[in-house]
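Colleague: turn this into a structure:
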Amino acid sequence: MTPESPGTLRLTGVSKTFEDGTTALTGIDLTVAPGELVTLVGPSGCGKTTILRLAAGLIAPSEGELTVTADTTSFVFQDPTLLEWRTALRNVELVGELRHVPRAERRTRALEVLDAVGLADAAAKHPRQLSGGMRMRVSIARALVAQPDLALFDEPFGALDEITRLSLQTLLQDLFARAEFGALFITHSVNEAVYLSDRVLVMGQGRIAAEVAVPWPHPRPPELRYSAEFAAVAGRVSALLEEAS
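Modeller: Sure, this is the predicted structure:
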């Protein structure tokens with residue numbers, strides 16, 4: 001695909017200095033191509049979330065060029081941020097409502113996406129009736145119902161228990177293999193980064209220190225995580241992360 005295809009994110013020489021004088025990023029060069037999932041790993045405060053906020057259009061760069069080629073961009077937060085008074089179905093429908101999609105069409109699409117994330121039987125439940133993992137599934141469904149060209153993930157599984165986290169990693173990369181949107185993902189987990197990503201970008205303080213290509217096609221079987229090949233790639237990322245920190 002050409003760089004101009006929907007789903008492209010490009011930062012060229014991007015720096016960000018905030019009003020208080022804090023320099024969060026310096027000279028960032030980063031590209032996410034359509035159908036590619038790229039993950040940022042690095043210590044807290046290194047600038048990962050600043051890059052995501054730039055990509056989402058929430059802040060502007062101080063220097064450099066930022067290009068987002070996407071008709072639709074979705075954002076998945078660490079907190080599911082669901083509306084407590086709406087059912088799972090109506091939370092997912094909200095995107096269509098805001099875009100004035102006809103009711104029948106948006107309901108059909110919402111039901112399809114809830115089924116895709118394994119929550120067809122929970123469509124009528126409110127967030128308080130759902131587990132943490134189920135709430136995050138609703139959040140992912142809400143992000144994907146718009147059929148985004150680009151999806152941004154800010155540590156969406158960071159607050160979940162390990163079993164739920166592994167399950168949602170498998171779900172997300174299965175969905176990604178089908179939808180082929182561009183995606184930028186943030187995590188503190190090296191194993192999560194390697195399992196999900198086409199490329200892992202290792203960040204130091206305000207800069208990208210290294211890049212590791214991940215060789216396996218999507219969708220990836222869960223047992224890949226326990227292979228020697230996987231351990232070798234994760235070990236390389238961990239070593240680079242230690243060098244950059």
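
Colleague: switch to C-alpha atoms for all contacts and neighbour counts from now on
Modeller: Fine.

Colleague: who are the contact partners of the most centrally placed residue in the chain?
Modeller: The centroid of the chain falls nearest to residue 153 when counting by C-alpha atoms, centre = their mean (2.5 Å). Residues near residue 153 by C-alpha atoms under 8 Å, 6 or more residues apart in numbering: 75-78, 183-186.

Colleague: can you check residue 237 too?
Modeller: Neighbouring residues of residue 237 by C-alpha under 8 Å, 6+ apart: 190, 200, 202, 212.

Colleague: quick one: the helix or strand bottoming out on mean pLDDT in the chain to chain centroid distance?
Modeller: Least confident helix or strand of the chain, by mean pLDDT, DSSP states H and E, is helix 162-179 with a mean of 87. On the basis of C-alpha atoms, centre = their mean, to the nearest Å, helix 162-179 sits 11 Å off its chain's mean C-alpha point.

Colleague: which other helices and strands contact the next helix or strand after that helix?
Modeller: Where DSSP states H and E defines the elements, the next helix or strand beyond helix 162-179 is strand 182-186. Packing partners of strand 182-186 (3 or more C-alpha pairs under 8 Å, 6 or more residues apart in numbering; DSSP states H and E): strand 23-32, strand 37-41, helix 48-55, strand 150-154.

Colleague: about what we covered before: list the buried residues for the least confident helix or strand of the chain?
Modeller: 164-166, 168-177 (16 or more other C-alpha atoms under 10 Å).

Colleague: so what does that helix touch, helix or strand wise?
Modeller: Using 3+ C-alpha pairs under 8 Å, 6+ apart, helix 162-179 sits against helix 132-144, helix 190-196.

Colleague: out of those, which gets nearest to residue 14?
Modeller: When the helices and strands packed on helix 162-179 are compared by C-alpha to C-alpha, helix 190-196 sits nearest residue 14, at 23.2 Å.

Colleague: toward the C-terminus, what is the element adjacent to the closest one?
Modeller: By DSSP H and E, the next helix or strand past helix 190-196 is strand 199-204.

Colleague: strand partners of the following helix or strand past that following strand, parallel vs antiparallel please.
Modeller: Remark: after strand 199-204, the chain's next helix or strand is strand 207-213, criterion DSSP H and E. The strands beside strand 207-213 in its sheet (DSSP bridges) come out as strand 199-204 (antiparallel).
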